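Enquirer: Provide a 3D model corresponding to the input given below.
(one chain, ligands or ions: 1)
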Amino acid sequence: MISISKESVISYLQRPANEKLSLQDHVLEKQSRLLTEKYYYKDVFLRGIVEFSNFCSQSCYYCGLRTQNSSILRYRLTVEGILETVRHIYHDGLRSVVLQSGEDLFYTNSVIAHLCYEIQSMFPDMAITLSIGERSLPAYKKFRTSGATRFLMKHESCNPILYRNMHPSQELSTRLHAQQLLRKAGFIVGSGFLSGLPGQTVEDIYQELLFLQQNQFDMWGIGLFLPANGTPLENQPCGDPILVHRSMICSRIFDPQTMIPITTAYHSLVGDQETIQSIHDVANVFMVNYTPDMVKKLYSIYDHKQSLTLEKTCRFIEKAGKKPSFTKGEPIHVYH
Ligand code: SF4
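Expert: Below you'll find the predicted structure:
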């Protein structure tokens, strides 16, 4: 593990965008590039994501899918519709699929397990990631034995006060316990936090990075807060994308082997050039959105969400001097 002082991290994270980087900041960025290439060569792993339902029983204040938001149309894909989309992903050459939804118990544990089983039977060489929120340990075990191997369970904030302020009906301890249960069930677990939440400080971000490091997650997703219509935070300012970029750089130093995705929110706000820079410097995962066009716009966690085609994603990665990888892209963490 590379040692880096708290002062250096905080000073890098909070340096204003119009101020020149210090020598130490440049060293951090160079280290990040070197470590990314040391462990992942030039590979940037592609994941095909299917957002199969925008129903959600939760009330996270920052999210456009929260149950109280009556301003969006809700949709659910059928099991056959989901499988059809997965076939599309496979035939495009990708070997990693992410099934994502709000917390929607319409899809019972048996239905989710059936989906995983069908995908595994059709495509044994495809990795299945679930991102469907909290369920029980027996459910996680069932999903695992049905073929899913990865689970994305972000906690969004490890600060209990901030967590409570953003999640009126959820407890941080329950969320963290769910992450432990996923490990117990044998999942590779990805997590992450949301940068730019109202009331969050740079010290909080530092604590988030420490938390992810201490808990040895296989993927660190750093989301960028963007306000969503119809939510209590709809008039709040966007998070700072530079802070997200720098948090990704620090993530690589804190845990050189973890997977670090470019999040859609980040690309939606900063556009192409900065996204390419982040791929160049640190990111090694890119999610390609395969949600059917008819409903894609309705998965509106935040406003003005952009999504890229596979072709454009590959061009981005190549422009960053990297290579799109269509493989499963197993994490190389030594922790499991
Ligand atoms: S963040 Fe997730 S759990 Fe919270 S309201 Fe949105 S979709 Fe539901």
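Enquirer: contacts for the one helix or strand Leu28 maps to?
Expert: Following DSSP states H and E, one finds Leu28 within helix 23-40. By C-beta atoms under 8 Å, 6 or more residues apart in numbering, the residues outside helix 23-40 that reach it are 2, 4, 8, 11-12, 15, 21, 248-250, 252-253, 256-257, 280-282, 284, 332. The way it works is simple: take the backbone N, C-alpha and C, and place the C-beta from them, glycine included.
Enquirer: Could you list the buried residues of that helix?
Expert: Using 16 or more other C-beta atoms under 10 Å as the test for burial, helix 23-40 gives Asp25, Leu28, Glu29, Gln31, Ser32, Leu35, Thr36, Tyr39, Tyr40.
Enquirer: Tell me the pLDDT of the second one.
Expert: Model confidence at Leu28, given as pLDDT, is 93.
Enquirer: now do the fourth one
Expert: In the predicted model, Gln31 carries a pLDDT score of 94.
Enquirer: Would you mind measuring from it to the ligand?
Expert: 33 Å (C-beta to the nearest ligand atom, to the nearest Å).
Enquirer: Distance to Gly196 for the buried residues of helix 23-40 - can I get that in TSV?
Expert: Shown next, in TSV, are these (distance: C-beta to C-beta, whole Å):
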residue	distance to Gly196
Asp25	21
Leu28	21
Glu29	21
Gln31	25
Ser32	21
Leu35	25
Thr36	24
Tyr39	28
Tyr40	27
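Enquirer: quick one on the thing from earlier: just the buried ones out of the contacts of helix 23-40, please.
Expert: Using 16+ other C-beta under 10 Å, the buried members of those are 4, 8, 12, 15, 248-250, 252-253, 256-257, 281-282, 284.
Enquirer: Arrange these in TSV, one row each, with distance to Leu176 and pLDDT as further columns.
Expert: Below are the buried ones among the contacts of helix 23-40 laid out as TSV (distance: C-beta to C-beta, whole Å; pLDDT from 0 to 100):
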residue	distance to Leu176	pLDDT
Ile4	25	83
Ser8	28	93
Tyr12	27	96
Arg15	31	95
Met248	22	97
Ile249	25	97
Cys250	22	97
Arg252	24	96
Ile253	24	96
Pro256	24	94
Gln257	22	94
Asp281	30	94
Val282	26	96
Asn284	26	96
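Enquirer: which of those residues sit farthest apart?
Expert: Maximum pairwise distance in those, criterion C-beta to C-beta, is 26.8 Å, between Arg15 and Gln257.
Enquirer: re the thing from before, and the buried ones among the contacts of helix 23-40, which is closest to the ligand?
Expert: Proximity of the buried ones among the contacts of helix 23-40 to the ligand (C-beta to the nearest ligand atom) peaks at Met248, which lies at 20.5 Å.
Enquirer: Could you double-check that the closest one lies in contact with Ser278?
Expert: Yes. Met248 is within contact range of Ser278, at 6.3 Å (criterion: C-beta atoms under 8 Å).
Enquirer: does the ligand sit close to the lowest-mean-pLDDT helix or strand in the chain?
Expert: Every helix and strand of the chain was ranked by mean pLDDT, DSSP states H and E. The lowest is helix 264-270, at a mean of 87. No. Residues of helix 264-270 contacting the ligand under C-beta under 6 Å from any ligand atom: none, with a closest distance of 11.9 Å.
Enquirer: Can you spell out which helices and strands pack onto that helix?
Expert: Counting contacts by 3 or more C-beta pairs under 8 Å, 6 or more residues apart in numbering; DSSP states H and E, helix 264-270 packs against strand 219-224, helix 241-254, helix 272-281.
Enquirer: out of the ones you listed, nearest to Phe316?
Expert: Comparing the helices and strands packed on helix 264-270 by C-beta to C-beta, helix 272-281 comes nearest, at 5.6 Å.
Enquirer: Let me know the next secondary structure element after that closest one.
Expert: Following helix 272-281 in sequence, per DSSP H and E, is strand 285-289.
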